[in-house]
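Enquirer: Please work out how this folds:
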Amino acid sequence: MGNRVKGRIKKKSIKAASHSGWNLERKVSRMGKKQKKGHSGVDATFIGRTRCLKKLGLSLKDFRRLCILKGIYPREPRGRFPGNKKGQVYYHLKDVKAIAHEPLLEKFHEFKAYMKKVRKAAGRDERDEARRLDAHAPQYTLHHLVRERYPRFFDAMNDLDDALALVHLFAALPSERRIKAGVTKKAREMVAAWGAYVAATSSVTKSFVSVKGVYLEANVSGCDVRWIVPHSFTQNLPTDVDYRVMLTFFEFYDTLLGFVLFKLYNDMGIRYPLVSDSTDAKIKDEGRSPTDVLKMLRRRAADTGGIGDVVSQAAAGETAADVDLPDKKTKKKANKLLKTLGTALHAIDDSASDDGASEDEEDAAPVGAPLRAALDSLHEEDEKAHLPAFSLDEDA
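Expert: Residues are numbered from 1 along each chain as shown. As a prediction, the model looks like this:
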């Protein structure tokens, strides 16, 4: 037993810590609470993609789609990686929490359960049940995402470059593989509507023709918007491109452009979306469609001497109901005059000069930007879309 005396308290070793005799409350007050592993720092801020899928209960395909629609992208941690694991995809914890509260997430879960029922009915060869389920498929819209990501119209205009470039690309692609005919048709309608507005308001300021296509720049609502229009050649779809991701971007940009075009045409006093065929009952009762109004604006531009005057009148408060459509004789004369818009605009300049226009009118700014060669190459595609196409003249 050594030199130890019975009944005497054994002295603590010098190696023992000075706080070994403290109670728990004193340790917490002096030294703080001990942090568990993975609950602070980089480990708690970023989360891997595999954990995200388990947390949200989504497949990788639906997770990518939801991130694109929501505008969430992977982030690379600064300094060290969580768990010292390099080469993985990480997302910020705040972004994952935002996705967890997204209404679309519930729609994705509903669609997953719906597809299970459809496959079950198809496996049993129950065609009537499959048709009934097809009529009750879950539907969703992206309007709340557009309002969330772009709270102001100015923000949407600043982010319109990629949307216009992608929509023009889909308008030039053939309907093959994953690209359906409805997607191509919708893209061409939006391209024609955007081109009609830009040409009618003389917003195009710059152009550049390259191997990839025609680069255009327009000043719309005080914002410079740039996009590229592919050449009208036969396009071959490469096999190494993920068209599923492109279609997801197109789905969001379709909604975004719908909001923007509605605002722009509404400021002109024209209803949007434009209708190329007046078969709807409401349109028949009104007797005219927004497309007819745009065609009429072009005809009135030829009669009055400039597109800018007509657009300014429309912006001043003249709506579609205030405009009188021309009769058959006037239509025939206008069609003869407007076989080529360039000839018509030259005729307007000649008539204005014969009437003895003043020097102040000659020194005024041109109605259209110097883009006649670039926009005339796209005139044929706009005519095929059954929507009005405007060609700008440098001398107009």
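Enquirer: got a list of what residue 49 touches?
Expert: Under the criterion of CB atoms under 8 Å, 6 or more residues apart in numbering, the neighbours of residue 49 are 60, 63, 74, 88-91. In this view, the C-beta of every residue, glycine as well, is placed from N, C-alpha and C.
Enquirer: Report the separation between it and residue 60.
Expert: Using CB to CB, to the nearest Å, residue 49 is found at 8 Å from residue 60.
Enquirer: mind listing what's buried in stretch 228-247?
Expert: The neighbour-count check on stretch 228-247 (16 or more other CB atoms under 10 Å) flags 228-229, 246 as buried.
Enquirer: any residues touching that stretch, and which ones?
Expert: The contact list for stretch 228-247 (CB under 8 Å, 6+ apart) reads 61, 64, 68, 165-166, 168-170, 172-174, 176-179, 183, 212-216, 374, 377-378, 380-381.
Enquirer: Among these, name the buried ones.
Expert: 64, 68, 165-166, 168-170, 172-173, 179, 183, 213-216, 374, 378, 381.
Enquirer: Just the element for residue 138, please.
Expert: Assigned by DSSP states H and E, residue 138 belongs to no helix or strand.
Enquirer: ranges for the strands of the stretch 1-150 of the chain?
Expert: 46-48, 90-92 (DSSP state E, counting those that start in this stretch).
Enquirer: can you put those strands in JSON lines and add distance to residue 114 and mean neighbour count?
Expert: What follows is these, written out as JSON lines (distance: least, CB to CB, whole Å; neighbours: other CB atoms under 10 Å):
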{"stretch": "strand 46-48", "distance to residue 114": "29", "mean neighbour count": "19"}
{"stretch": "strand 90-92", "distance to residue 114": "27", "mean neighbour count": "19"}
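Enquirer: so how far is residue 196 from residue 270?
Expert: Counting by CB to CB, the gap from residue 270 to residue 196 is 10 Å.
Enquirer: Sorry, wrong one. I was asking about residue 263.
Expert: According to CB to CB, residue 263 stands 15 Å off from residue 196.
Enquirer: go on, residue 207?
Expert: When CB to CB is applied, the distance between residue 207 and residue 196 equals 17 Å.
Enquirer: ok, the two, which is more surrounded?
Expert: Using other CB atoms under 10 Å as the criterion, residue 207 and residue 196 rank with residue 196 on top: 25 against 19.
Enquirer: avg pLDDT for the strand or helix carrying the more buried one?
Expert: Here residue 196 sits within helix 181-200, counting by DSSP H and E. The average pLDDT within helix 181-200 is 90.
Enquirer: What score does the nearest residue to residue 159 once chain neighbours are set aside have for pLDDT?
Expert: Excluding the flanking residues, the one nearest residue 159 by CB to CB, 6 or more residues apart in numbering is residue 150, at 6.9 Å. At residue 150, the model reports a pLDDT of 94.
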